[in-house]
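Undergrad: task: produce atomic coordinates for the following.
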Amino acid sequence: MKKVLVLIAAAIVCMSASAQVQFGAKVGFDMTNFWGKNVEHGMKPSYQAGLMMEYKFNPHFAIAPEVVFASQGGKFDAIQFNWGDFSIASKKKITFNTNYINVPVMLKYYVAPAFSVDFGPQVGFNVYSKASIKDDITYDLKESTKTVDFGLGLGGTYNLTENAFVQARYTLGLTKVFEGDLNKEKNGNIQLAFGMKF
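TA: So this is what the prediction gives:
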């Protein structure tokens, strides 16, 4: 039994010694939209900013949780949305701003010392939700927007130096953005980011 405990302790020490932990921050440009059945795909220029951590187990595998504020949503030329007694109908361009605090947890596989393929789940918490009709009025949709959003991210990270990196990722929303049986919209997010590790 003592030998087993010694071996386990030695393994933990070796893993801790070989593991590398880095913290950092990133900012980026996003193109966001809604997708789903009978949903038009109108892209909206957006942005993101947040903090990240990377725990590298060995030269090939790492895990990287993040906390990111992301401006999301979509644009449509003509649309009608219905939430029970409340509806929006317009032939003018409508912009949806559905902003989140997103917490992705990316599993990273380093195919080369400076480049990793990243994949993992994301949970988002809605903090702002409005729809704006061009040259007209803004509707508050907070009560009609689901508080929690789930998605999956896939992308890659290239380390420019030991501290600087660039990132590309697509996050596919898996749950509906809005309440109601008629609304099938889910989030989509193309992300290009630059970050620094400390």
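
Undergrad: what's the local residue count around Thr138?
TA: A total of 11 residues lie near Thr138 under the criterion other Cβ atoms under 10 Å. For glycine as for every other residue, the C-beta is placed from the backbone atoms N, C-alpha and C.

Undergrad: just checking, it touches Ser129?
TA: No: distance between Thr138 and Ser129: 11.1 Å, which falls outside the contact criterion (Cβ atoms under 8 Å).

Undergrad: right, and the helix or strand after whichever strand or helix holds Tyr158?
TA: For Tyr158, the enclosing helix or strand under DSSP states H and E is strand 148-159. Read in the C-terminal direction, the helix or strand following strand 148-159 is strand 164-176, with elements assigned using DSSP H and E.

Undergrad: give the contact list for Ala64.
TA: Applying Cβ atoms under 8 Å, 6 or more residues apart in numbering, we find Ala64 in contact with Met52, Met53, Glu54, Tyr55, Val105, Met106, Lys108, Asp118.

Undergrad: whichever of the residues you listed count as buried, I'd like them selected in PyMOL; how would that read?
TA: Here the buried members of the contacts of Ala64 are turned into a PyMOL selection, burial being counted by 16 or more other Cβ atoms under 10 Å:
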select buried, resi 52+54+106+108+118
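
Undergrad: pick the one among the contacts of Ala64 closest to Lys142.
TA: Taking Cβ to Cβ as the measure, Lys142 lies nearest Val105 of these, at 26.4 Å.

Undergrad: sheet-wise, list the partners of the helix or strand where that closest one lies with their directions.
TA: Val105 is part of strand 94-112 when elements are defined by DSSP H and E. In the sheet containing strand 94-112, the strands it pairs with under DSSP bridges are strand 61-70 (antiparallel), strand 73-76 (antiparallel), strand 115-133 (antiparallel).

Undergrad: which of these sits most buried?
TA: With neighbours taken as mean count of other Cβ atoms under 10 Å, the strands paired with strand 94-112 reach their highest mean count in strand 73-76, at a mean of 24.

Undergrad: then that strand to CSV, C-alphas only?
TA: Once side chains and other backbone atoms are set aside, the C-alpha atoms of strand 73-76 remain, and they are given as CSV (Å, rounded to 0.1, in the frame of the first residue of the first chain):
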residue,chain,number,x,y,z
GLY,A,73,-26.8,39.2,-32.3
GLY,A,74,-27.7,39.6,-35.9
LYS,A,75,-29.0,41.9,-38.7
PHE,A,76,-32.0,41.4,-40.9
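
Undergrad: many thanks, have a good one.
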